[in-house]
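1. One predicted model, sequence on top.
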There are 2 protein chains.
Amino acid sequence: MIYDVVIKNTEILDKNDGETYQIGIRNGRIAYIGKDPVIGKETIDGSHHLAVSGFVNAHTHVAMTLFRSYADDMALMDWLQNRIWPMEDNLTNDAVYWGSLLGIAEMIRTGTTCFADMYFFMDATARAAAESGIRAVLSRGITGPSLEEGRSRIAENTELFRNWNGHEEGRITVMYGPHAPYTCSPELLKAIAEEAGREGAEIHMHLSETAGEVKNCQNQFGKTPIALACDTGLMERGLLAAHCVYVNEEDLALMAKNHVRVAHNPQSNLKLASGVAPVSSMLEKGLVVGLGTDGASSNNNLDMLEEIRLAAMLAKVKTGNPKTVPAKEAVAMGTIQGAQALGLPRMGAIREGWKADLALYDMQEPHWFPRNDRYSLLAYAADSHDVDTVLVDGRILFRNREFTTLDIEKVCFEASRCAEKLKNH
Amino acid sequence: MIYDVVIKNTEILDKNDGETYQIGIRNGRIAYIGKDPVIGKETIDGSHHLAVSGFVNAHTHVAMTLFRSYADDMALMDWLQNRIWPMEDNLTNDAVYWGSLLGIAEMIRTGTTCFADMYFFMDATARAAAESGIRAVLSRGITGPSLEEGRSRIAENTELFRNWNGHEEGRITVMYGPHAPYTCSPELLKAIAEEAGREGAEIHMHLSETAGEVKNCQNQFGKTPIALACDTGLMERGLLAAHCVYVNEEDLALMAKNHVRVAHNPQSNLKLASGVAPVSSMLEKGLVVGLGTDGASSNNNLDMLEEIRLAAMLAKVKTGNPKTVPAKEAVAMGTIQGAQALGLPRMGAIREGWKADLALYDMQEPHWFPRNDRYSLLAYAADSHDVDTVLVDGRILFRNREFTTLDIEKVCFEASRCAEKLKNH
């Protein structure tokens, strides 16, 4: 058997045993993990490296890298009304395309192989994902507030679904993206749920991000955002719920019953002073909890290792128990639970038959010594820039710290040009 | 004028203006910052780089890198009694020396130019600091509990002070290190304050790290750890207080009145589930607040950029206000406030006449685009591995990502050997 790609002599996080293995990849899958020498059309030397399943960024707005560090440390409404929305009003296909490529480059470079996105001009993001080779789950952010105002956006989401769902050999899938209960009327949410049902698509939505959102929703509709999402039929489609910082016991029960998957965004929730989601309660209820960076304007990078570390740390201080969300569980949230949250099977771990989406971490920097528990080293000590090789679907996208599918200098230049133009519009 | 070192065409964080400058360094000081071309015996090309004052790690136990990722996600007493203390019982000069060098290498590599340490076998740490070229403020961790038991440790601290304070052209200074109110009796604390007074030394101490510590102290002595430190005379010497997670209004007033400087350790406080220190209240009271990593066994790295980021993020969520501790203030905590916390003048900013302790960040990675506010890019988006050049006292310790004073492969090997030996003792 000649494999497409062979990774030689690498440690594997999932083994956590200090031994080295050969990994054989064929047709986009991990086809062999073992000790025997194997032959590949292409061979990567994994000596001194740790192979880790690619991180899954379960919630972001990748084109918002255009607004990185443009406006920070501001109150939410001041930030939105005076800085972000005026820039977004000027967005173009061109800007979203280059902004998406910039964010995708950053994700590949830091070991993320898949992301779930919600934004607009999504065809541009889809093209960027297709060209770069990364895996993506895309949705058109739909706001209303009224059904009338939302209709054209639903139509755009349907067009996105029909044009892109399952494309690039399944690397790109599409969900519907109702933005939030405070930007969509219940009628609009119902219409989205119905349309998603007709197309056979799932839902990606912001829910219960701030205390104010929950309070307003209860005042206006007499129920929590989670209950509203349930009552409008969104949960019947399969729901990826971003944030869920403020969820009560009834919300959690409703989420568990309806298999709602959570995208926890710890750093964004801190930076916008939203709060700390009750992750440990969610996990206890058996909920799937993935991790997301949110957009770069509220983070300000797309580094998933930071989210893994922070998710573990915050869960400990929130529960007052240092045993809560141990390293291995935090890594699972950034990998296999993220894959499950996005509805992608056989992904998120290094196992035979699973998707060959993985990153190699160079373990020669001082913070990798002494070589104790690998989960702990990765979750608590490693740096995302230890990544020097990344594969998606068995294809090498980053090797020896060089991009193989992107002209990174051009991407940085063009994204900067677009960002400058948006500011000066 | 021929400078010792010239950095050409670099941006400077303190300017935050997107312009490039020439920096001339002479006799360990920044002697020139300007636009005119200048000549140096050694020239560093700063194109596409951001010059940032070296980070000050205001509280660590550097040799504890030996225990990195050896025991995590455990309850505090289980962790100490069954994992850390048995290892520490076996410590040797050799182990502390190599463990210190490993931690120092990691700090230099991530842009930290100065650290405050408290541990034992401190002569070994002093030798490691001297050889590496990093700046250090060392103290012997003194525990009792009784005065009798503590006496030999006080004597060791005095020996450390006499042997090392002001050595290496002032790069190494020494404080006294009473460990904590729960490991030192009030009599022992008084004796330390007196001895420090006789020698003219300052104090570095853990204070109010956990709710349990404060409660026990109040039960046992009828006062908070902060009040106890005051009443035993420690504050009269100049006090660097690590942690201060649980401090009330009276504590804060006492700290402000006595110019107590705080070493805030956000990540360690999360990982051990201790809590989140009221940093914003401290800053409002005019307290100097530096940042520390604590030891690598409770962090698990010595990456100060993570602490800067986390300090800004946690302050926002703790106050519910995203404007709290903006990027520039968080960077100040990691640099100039850290220097003030350690009692080191003319350090912590890139200014003419100040110490030439600085790091150059390569800004060519995608997360540095678009090039908006530099403080925000550094505090919220950058990666410590963007650092490729580090100077301390005008001496180049790290250049083009290579150590100039350390044989890093040997350091990693020897530290691993020592760690393994401690485990198998």
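-> Perfect, I can see it now. Residues are numbered from 1 along each chain as shown, chains lettered A, B, ... in the order given.

2. CA atoms only: put stretch A:23-41 into PDB for me.
-> In PDB, the C-alpha atoms belonging to stretch A:23-41 read as follows (Å, rounded to 0.1, in the frame of the first residue of the first chain):
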ATOM      1  CA  ILE A  23       0.600   7.800  10.200                       C
ATOM      2  CA  GLY A  24      -0.500   6.800   6.700                       C
ATOM      3  CA  ILE A  25      -3.100   9.000   5.000                       C
ATOM      4  CA  ARG A  26      -5.100   8.000   1.900                       C
ATOM      5  CA  ASN A  27      -8.100   9.600   0.200                       C
ATOM      6  CA  GLY A  28      -8.400  12.300   2.900                       C
ATOM      7  CA  ARG A  29      -8.600   9.800   5.700                       C
ATOM      8  CA  ILE A  30      -6.200   8.600   8.400                       C
ATOM      9  CA  ALA A  31      -5.700   5.100   7.000                       C
ATOM     10  CA  TYR A  32      -2.900   3.700   9.200                       C
ATOM     11  CA  ILE A  33      -1.500   4.400  12.700                       C
ATOM     12  CA  GLY A  34       1.200   2.100  13.800                       C
ATOM     13  CA  LYS A  35       4.800   1.200  14.400                       C
ATOM     14  CA  ASP A  36       5.600  -0.400  11.000                       C
ATOM     15  CA  PRO A  37       7.400   1.700   8.400                       C
ATOM     16  CA  VAL A  38       5.000   2.700   5.600                       C
ATOM     17  CA  ILE A  39       5.500   4.400   2.200                       C
ATOM     18  CA  GLY A  40       3.900   7.500   0.900                       C
ATOM     19  CA  LYS A  41       4.000   9.600  -2.200                       C
END
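
3. And the contacts of that stretch?
-> For stretch A:23-41, the external contacting residues (Cβ atoms under 8 Å, 6 or more residues apart in numbering or on different chains) are A:1-8, A:10, A:12, A:21-22, A:46, A:51, A:169, A:350-356, A:358, A:391, A:393-395. (C-beta placed from N, C-alpha, C; glycine too.)

4. what do you get for stretch A:178-187?
-> Where contact means Cβ under 8 Å, 6+ apart, the residues beyond stretch A:178-187 that reach it are A:118, A:141-147, A:150, A:188-189, A:192, A:203, A:205-207, A:209, A:213, A:216-217, A:221, A:225, A:228-229, A:231-232, A:234.

5. Buried only: go through those for me.
-> Neighbour-count burial (16 or more other Cβ atoms under 10 Å in any protein chain shown) is assigned, among the contacts of stretch A:178-187, to A:118, A:141-144, A:147, A:150, A:188-189, A:192, A:203, A:205-207, A:209, A:213, A:217, A:221, A:225, A:228-229, A:232, A:234.

6. so of those residues, which ones are in strands?
-> When DSSP state E is applied, the buried ones among the contacts of stretch A:178-187 are split such that A:118, A:141-142, A:203, A:205-207 fall in strands.

7. And those residues, which is closest to chain B?
-> Taking Cβ to the nearest Cβ as the measure, residue A:206 is the one of those closest to chain B, at 17.2 Å.

8. In this structure that closest one contacts residue A:243, no?
-> Yes: A contact is recorded between residue A:206 and residue A:243 when judged using Cβ atoms under 8 Å, the distance being 5.9 Å.

9. Check what pLDDT the residue nearest the centre of chain A gets.
-> In chain A, the centroid-proximal residue (Cα atoms, centre = their mean) is residue A:57; its distance is 1.7 Å. Among the per-residue scores, residue A:57 holds a pLDDT of 98.

10. and it, that one's in a strand?
-> Yes: read with DSSP: H, G, I helix; E, B strand; the rest coil, residue A:57 is one of the residues of a strand.

11. Show me what it bridges to in the sheet.
-> Taking DSSP bridges as the rule, residue A:57 bridges to residue A:115, residue A:291.

12. contacting residues around it?
-> A:107, A:112, A:114-116, A:291-293, A:302, A:304, A:338.

13. Inside helices: which ones of the contacts of stretch A:178-187?
-> Within the contacts of stretch A:178-187, membership in helices is found for A:147, A:150, A:188-189, A:192, A:213, A:216-217, A:221, A:225, A:228-229, A:231, as judged by DSSP state H.

14. Let me know the closest of the ones in strands among the buried ones among the contacts of stretch A:178-187 to residue B:369.
-> Proximity of those to residue B:369, judged by Cβ to Cβ, is greatest for residue A:118, which lies at 22.2 Å.

15. any idea which element the closest residue to the closest one other than its chain neighbours lies in?
-> By the measure of Cβ to Cβ, 6 or more residues apart in numbering or on different chains, the closest residue to residue A:118 outside its immediate chain neighbours is residue A:177, 4.2 Å from it. When elements are defined using DSSP states H and E, residue A:177 is found to belong to strand A:172-178.

16. now that strand against strand A:203-207, angle please.
-> 40 degrees (axes from the mean of the first three to the mean of the last three Cα atoms, to 10 degrees).

17. What are the buried residues along strand A:172-178?
-> Of the residues in strand A:172-178, those scored as buried under the neighbour-count criterion (16+ other Cβ under 10 Å) are A:172-178.

18. before we move on, what about stretch A:314-325?
-> Within stretch A:314-325, the residues that count as buried by 16+ other Cβ under 10 Å are A:314-319, A:322, A:324-325.

19. okay, residue A:425: pLDDT?
-> Residue-level pLDDT assigned to residue A:425 equals 68.

20. Looks like residue A:268 contacts residue A:300 (just checking).
-> No: look at residue A:268 against residue A:300 with Cβ under 8 Å: they stay out of range, at 9.6 Å.

21. Which of the two has more residues huddled nearby?
-> Neighbours per residue (other Cβ atoms under 10 Å in any protein chain shown) separate residue A:268 from residue A:300, with residue A:300 holding more: 31 against 26.

22. So that one sits against residue A:71, correct?
-> No: with contact defined as Cβ under 8 Å, residue A:300 does not count as touching residue A:71 (10.3 Å).

23. which residues are common contacts for the two?
-> Between them, residue A:300 and residue A:71 share no contacting residue under Cβ under 8 Å, 6+ apart.

24. Disregarding residues adjacent in the polypeptide, which is nearest to the residue of the stretch 101-250 of chain A found nearest chain B?
-> Nearest to chain B in the stretch 101-250 of chain A, going by Cβ to the nearest Cβ, is residue A:106, at a distance of 4.1 Å. Nearest non-adjacent residue to residue A:106, counting by Cβ to Cβ, 6+ apart: residue B:366, 4.1 Å away.

25. who's in contact with that neighbour?
-> A:65, A:102-103, A:105-106, A:109, A:408, A:411-412.

26. How about residue A:280?
-> Taking Cβ under 8 Å, 6+ apart as the definition, contacts of residue A:280 comprise A:315, A:318-319, A:324-325.

27. got it, and residue A:317?
-> Counting by Cβ under 8 Å, 6+ apart, residue A:317 has contacts B:269-270, B:273-276.

28. Next, check these against the helices and list the overlap.
-> Secondary structure assignment (DSSP H) places B:269-270 from the contacts of residue A:317 within helices.

29. With pLDDT, neighbour count and distance to chain A added, can I get the contacts of residue A:317 in CSV?
-> Below are those laid out as CSV (pLDDT from 0 to 100; neighbours: other Cβ atoms under 10 Å in any protein chain shown; distance: Cβ to the nearest Cβ, whole Å):
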residue, pLDDT, neighbour count, distance to chain A
B:269, 97, 25, 7
B:270, 97, 25, 4
B:273, 96, 20, 4
B:274, 95, 25, 7
B:275, 97, 18, 6
B:276, 98, 19, 7
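
30. Looking at the contacts of residue A:317, spot the one nearest residue A:344.
-> Distances from residue A:344 to the contacts of residue A:317, taken as Cβ to Cβ, are shortest for residue B:270 (30.5 Å).

31. and the closest residue to that closest one other than its chain neighbours, what pLDDT?
-> Closest residue to residue B:270 in three dimensions, ignoring its sequence neighbours and counting by Cβ to Cβ, 6+ apart: residue A:313, at 3.8 Å. In this prediction, residue A:313 carries a pLDDT score of 98.
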